[in-house]
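> Sequence first, predicted coordinates after that:
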Amino acid sequence: MFDDAFWAVHSDLPREGPGDNASTARALAAMTGLPPKPAILDIACGPGMQTLELAQRSGGHVTAIDLHAPFLGQVRQRARAAGKEDQISLVRASMSRLPFAEGAFDALWCEGAIYIMGFAEGLQAWRRLLKPGGYVAVTEPVLFQPPEETPPAVLAGWAEYPAVTTLTGILARAVWAQYQVVDHFPLPASAWWDGYYGPIEAKLPALRAAHGADRAYAHRIREAEDEIDLYRRHSDTYGYLFVVLQLP
């Protein structure tokens, strides 16, 4: 699924998806029932910007999982640089096969990746890991208007995730999965540009100069350019929604 050309585009970025520390902090602050030093599972942690933010702000222990080993290496470097190695554990694992005991965590975290399993599907599969009254925080793609009012280019851009829906649809799925909605808010446009699209866009000219004759690289570069251009033109019609949920 992910070839060398994909990782050339997506390596050495501050984040592996839209997000920012202020949004992570807001979602964590909404979890008012957490214990003083919570056990948090960061699912598909990527390079770990939010992992470090969670460790610093919660005072608890964060277990960060990802299948891509270089991401875990970046998390380790960040934890070491911040003096947070004792608060962060790293596990190479798939989000669909999480190797943890039932009720092991006070909170589950997943920024920009639950769509891989599906929003409701992920919530259902992961709930066994939560202690009673535990929390989940995820970001999920959202349409700001009903599909019939959304530009066709946006719907085409999200064709690989046909489950993309509106705020109402997302919250209905959360309730269907038997969670209580604690908070929700859209990520600001800066969360797309500062740590994600901006750094990707900056590296594309050098990648094209070095590898543009390679068909796989040309495809991945064009894919990134198209995705960035779509958001630049239509950011008023879609985004990511941060959703904080709790087991009843």
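Sure thing, it's come through.

> Ala224 contacts Lys203, doesn't it?
No: between Ala224 and Lys203 there is no contact, the gap being 9.2 Å when judged by CB atoms under 8 Å. From N, CA and C alone the C-beta is placed, and that goes for glycine too.

> Now do the shared contacts for these two.
Val9 (CB atoms under 8 Å, 6 or more residues apart in numbering).

> The helix or strand harbouring Leu171 packs against which elements?
In the assignment (DSSP states H and E), Leu171 maps to helix 167-176. Using 3 or more CB pairs under 8 Å, 6 or more residues apart in numbering; DSSP states H and E as the contact definition, the elements that helix 167-176 packs against are helix 119-126, strand 130-143, strand 180-186, strand 238-246.

> So which of the ones you listed is nearest Met95?
The stretch from the helices and strands packed on helix 167-176 with the least distance to Met95 (CB to CB) is helix 119-126; that distance is 7.1 Å.

> one step back: mind putting the helices and strands packed on helix 167-176 into TSV with distance to Pro152 and mean neighbour count?
Rendered in TSV, the data for these read as follows (distance: least, CB to CB, whole Å; neighbours: other CB atoms under 10 Å):
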stretch	distance to Pro152	mean neighbour count
helix 119-126	23	20
strand 130-143	12	22
strand 180-186	22	15
strand 238-246	13	23
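
> Rebuild those as CSV, extending it with distance to Gly169 and mean pLDDT.
Formatted as CSV, the helices and strands packed on helix 167-176 follow (distance: least, CB to CB, whole Å; pLDDT from 0 to 100):
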stretch, distance to Gly169, mean pLDDT
helix 119-126, 9, 97
strand 130-143, 8, 98
strand 180-186, 12, 98
strand 238-246, 10, 98
